[in-house]
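1. what's the 3D shape of this:
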Amino acid sequence: MARPRFGDLFGSRRARSIAALICIALCALAVNMIASRWLAARIDLTAERLYTLSRGTRQTLAKLDEPITLRFYYSTRLGSAVSAYGVYAQRVREMLDQYVAASKGKLRLEVYNPQPFSDSEDRAVAFGLQGVPLNQQGEQVYFGLAGSNSTDDQQVIAFFSPERERFLEYDLTKLVHALAAPKKTVVGLMTALPLEGNMMAAMQGRPMQPTAVVEQLRQLYEVRTVSPASDSIPEGTDVLMLVHPQNLPDKTLFAIDQFVLKGGKAMVFVDPYSEMQVASMPRQAPNTPTDSNLDKLFQKWGLKLVPDTVAGDRRDARRVAAPVAGRGQQAMDYIAWLSIRPPFLNREDVITADLKQVAVASAGMLEPVEGAKTKFEPLITTSPESTKIPVDQVKGLPDIAGLLSKFRPDDKRYTIAARITGGAETAFPDGPPAPEKPPEGQTPPPVPEIVKQAAQPINVVVVADTDMLDDRFWVQSQEFFGRRVIVPSANNGDFVANAVEVLSGGEALIDLRSRGTSIRPFEVVTEIQRAAEDRYAAEQQALQEKLKETQGKLRSLTGGEGGNAAPTQLSAEQTKAVEEFRADMVKTRQQLRAVQGALRQDIERLKFLLEFVNIALIPLLVAVASVVLGALRVRRRRRRPALIAAGATAP
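-> This next block holds a predicted model:
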C-alpha cells in the first residue's frame with residue numbers, strides 16, 4: 001500500500017481549509033439574515049443607553065390611535081460635502097426606522113432627497129424646513145423632518161443641527177407627541193420677571209426674546225400670562241407657574257390659595273436674592289427689594305423659606321473668573337453659584353430621577369414646618385459640604401475669594417427645591433379679603449365660595465431660586481442662518497418641563513427629555529484641583545494680601561503707580577526703602593508663583609500618567625503581545641514538519 005505523499009496531504013488539507021472557510025462565511029451570513037429578520041434585539045452598553053428607545057418614547061408610540069406620516073428630507077449632497085452631516089443623517093435615519101418599527105404600523109416614514117427646483121424641494125419649503133446654502137452659487141440643501149396627522153396638524157424639525165445630536169430622541173418624540181395629543185396642557189404664568197421677553201429691549205426697538213425655559217414650555221404646552229394683580233386664576237388653567245411673587249395683594253393670594261385647594265397644581269419659584277431681577281432692571285432704586293416669598297400660603301402648605309440667607313456649597317460650586325487684587329482675573333470656585341449633580345437630585349421622584357445637572361445661583365433654603373399635615377419631599381439639595389451665607393455677602397460684587405477662604409461646612413444638606421403633597425387648609429379662614437368698593441351705581445361682585453380644606457391632596461412644587469430660569473446660567477444660544485439654536489449645559493429646562501408634566505398628570509416624555517444633557521466632567525481632575533486649592537488657599541490669600549500691602553507702600557512713597565517715580569524726587573533713605581519694597585514685591589511674586597505651581601502639580605502629574613498610558617503604554621503592550629504571538633507562531637511552524645515526518649515514517 002502506497003504511503004501518502006507530503007504534497008497530497010498538504011493539498012487535501014488546503015482544500016478542507018478553503019471549504020471550512022466557505023462554510024463559516026455562509027453560516028455567518030445566514031445568522032445575520034435571521035437576526036435582522038426575526039431577532040431585532042440589541043445590546044446597548046453605553047452609560048446613558050443612547051441607542052435604546054426610552055420608556056417615554058415607547059409609551060408615546062403605544063398610545064398612537066391615528067396614523068402619522070413623517071417626511072424626512074435629506075440632501076445627500078450635504079453629506080458628500082461635509083462628512084459629519086452624512087454620519088449624523090445615518091443616525092437620524094436609523095432612529096426613525098426604530099420609531100416606525102415600534103409604532104406597530106401607526107407611523108409611516110417617507111424619505112426625500114430634494115434636488116434644486118424640484119417638487120420635493122418645494123414641499124420642504126412649504127413645510128417650513130430650513131434651507132442652507134451649500135456653495136457660492138446659492139444651492140440649497142435640506143436636513144429636516146416634517147410630520148402630519150390625519151387632521152392635517154403639522155410639526156417640523158426645521159434642521160437637524162449636529163449640536164443637538166444628544167437630544168435627538170427628545171426632539172423626535174416631542175414631535176410625535178404633539179401630533180398625537182393636539183390638546184395641550186395650559187400653563188398659567190404669573191411673574192414680574194422678564195421671562196417672556198425684556199420690555200426694556202422692546203422699548204429700544206429690539207425684539208422681545210423669551211427665555212429658553214418659556215420657549216421650551218411653549219413647544220409642549222399652552223402658556224397663558226396671568227397678571228400678578230389678578231383676583232382669580234383663569235378657567236382652564238392646569239398648572240399655575242408663579243415666579244418671584246413680590247408683595248402680591250391679598251386678592252391674588254386668595255385666588256392662588258383657592259386654586260390649589262380646589263385641585264389646581266402649582267409650581268412656585270421664590271428667592272432670597274434674585275440676580276435675574278438685578279440684571280434685568282439695572283436702573284432700579286438702591287433700596288428696591290430683590291427677594292420674594294409666599295410665606296402666608298407656605299405656612300399652610302407646610303414649609304418655609306429661610307429669610308435673608310443663601311446656600312453655599314463647596315463641592316458643587318461653579319468655577320468662575322474672579323477678580324484678584326494685583327493679578328486681574330483668576331479661575332475660582334464661587335460657592336453661591338452651584339451646579340448640582342446626583343446624588344443630590346432626588347432619584348426617587350420622577351421629576352428629578354433622570355436629571356444629570358441643575359444650575360442655581362444665590363439659591364435659598366426651604367424647610368418643613370413642624371407639625372405640618374403635608375409631606376415635604378426634597379427634590380434638589382446641596383451636598384453636606386454646605387453652609388449658610390448672609391444674603392448681603394452675595395449682593396453687588398461679592399468677595400468670591402473671601403467666601404472661599406472663610407468657608408466652613410455645616411455637614412448638613414439644605415433643600416433648594418421640594419415637592420409638597422397632602423392635606424392643607426386655607427390661609428384665609430375668616431373668608432376672602434374685602435373686595436374693592438365698586439364705582440357708584442354698580443352692583444358689587446358676589447362673594448366667592450370659600451374652600452377651607454383641600455378636597456384632595458394638594459400637589460405643589462416649590463423652588464427657592466428664580467435664577468435657574470435665567471438663560472445665562474444654563475444655556476448657550478447660537479444663531480444658525482437666522483434661527484436660534486439653544487444648546488443646554490444643564491437640565492434646568494428639563495426640570496421645569498418635568499414638573500409641569502407630572503403636575504398635569506402625564507409622564508410619557510420625562511425619561512427621554514432628561515437624556516443626553518449631562519456634562520461628563522473630569523471628576524478626578526476636579527477633585528485633585530479642589531484638594532490642592534484647599535491646601536494652599538490660605539497661603540495664597542496671605543501672599544496676595546502681602547503683595548497688595550507692599551504695592552500700597554510703594555505708591556505712598558513714590559506717589560506713582562507701581563513705584564515708578566523719578567529717583568531724584570526721593571531722599572537716600574526713601575530710595576533705599578523703595579528698593580527694599582521692590583525686592584520684597586519680587587520675592588512675594590515668586591512665592592505666589594510657586595504656590596500656584598503647586599496647585600497644578602498634581603494635575604500635571606495625572607496628565608503625564610494619562611499621556612504615558614495612552615501614547616506609550618498601550619502601544620508597548622500591543623508590541624509585546626505581537627512579539628510573543630509571533631514567536632509562538634514561528635515555534636509552531638518549526639515543529640510542524642517534524643510532526644508530519646514522524647507520522648509519515650510510522651509503521
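2. contacts for stretch 108-115?
-> Identification of contacts with stretch 108-115 by CB atoms under 8 Å, 6 or more residues apart in numbering yields 67-76, 93, 96-97, 99-100, 120-121, 123-124, 142. C-beta: built from backbone N, CA, C; applies to glycine.
3. got it, and stretch 450-463?
-> When contacts are defined by CB under 8 Å, 6+ apart, stretch 450-463 is touched by residues 258, 260-263, 265-270, 298, 301, 303, 351, 366, 374, 379-380, 416-426, 428-429, 431-432, 499, 503.
4. That stretch: end-to-end distance?
-> Stretch 450-463 has its terminal residues 27 Å apart, counting by CA to CA, to the nearest Å.
5. can you check stretch 267-276 too?
-> Its start and end residues considered, stretch 267-276 measures 18 Å (CA to CA).
6. pLDDT on it, on average?
-> Per-residue confidence for stretch 267-276 averages out to 96 on the pLDDT scale.
7. For residue 244, list the residues it contacts.
-> Residues near residue 244 by CB under 8 Å, 6+ apart: 191-193, 269-271, 274, 276-277, 292, 466.
8. now, which of those residues lie within helices?
-> Under the assignment DSSP state H, the contacts of residue 244 contribute 276-277 to helices.
9. In strands only, show me the contacts of residue 244.
-> Cross-referencing the contacts of residue 244 with the strands (criterion: DSSP state E) gives 191, 269 as the overlap.
10. Is it possible to get the contacts of residue 244 out as JSON lines so that each row also shows distance to residue 130 and neighbour count?
-> As requested, the contacts of residue 244 are arranged in JSON lines below (distance: CB to CB, whole Å; neighbours: other CB atoms under 10 Å):
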{"residue": "191", "distance to residue 130": "32", "neighbour count": "21"}
{"residue": "192", "distance to residue 130": "35", "neighbour count": "18"}
{"residue": "193", "distance to residue 130": "31", "neighbour count": "22"}
{"residue": "269", "distance to residue 130": "34", "neighbour count": "26"}
{"residue": "270", "distance to residue 130": "40", "neighbour count": "24"}
{"residue": "271", "distance to residue 130": "38", "neighbour count": "31"}
{"residue": "274", "distance to residue 130": "36", "neighbour count": "28"}
{"residue": "276", "distance to residue 130": "31", "neighbour count": "26"}
{"residue": "277", "distance to residue 130": "35", "neighbour count": "23"}
{"residue": "292", "distance to residue 130": "40", "neighbour count": "27"}
{"residue": "466", "distance to residue 130": "33", "neighbour count": "28"}
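11. any idea which of the contacts of residue 244 is the one closest to residue 218?
-> Residue 218 has its nearest neighbour among the contacts of residue 244 in residue 191, at 14.7 Å by CB to CB.
12. mind listing which of the contacts of stretch 108-115 are in strands?
-> Checking those against DSSP E, those in strands are 68-74.
13. which one among those gets closest to residue 18?
-> When these are compared for distance to residue 18 (CB to CB), residue 74 wins out at 43.0 Å.
14. Show me what the closest one is bridged to.
-> When assigned by DSSP bridges, residue 74 has beta-bridge partners residue 143.
15. Report the separation between it and residue 331.
-> Spatial separation of residue 74 from residue 331 under the definition CB to CB, to the nearest Å is 42 Å.
16. repeat for residue 242
-> Distance, residue 242 to residue 331, using CB to CB: 37 Å.
17. between the two, which one's more packed in?
-> residue 242 (24 against 9; other CB atoms under 10 Å).
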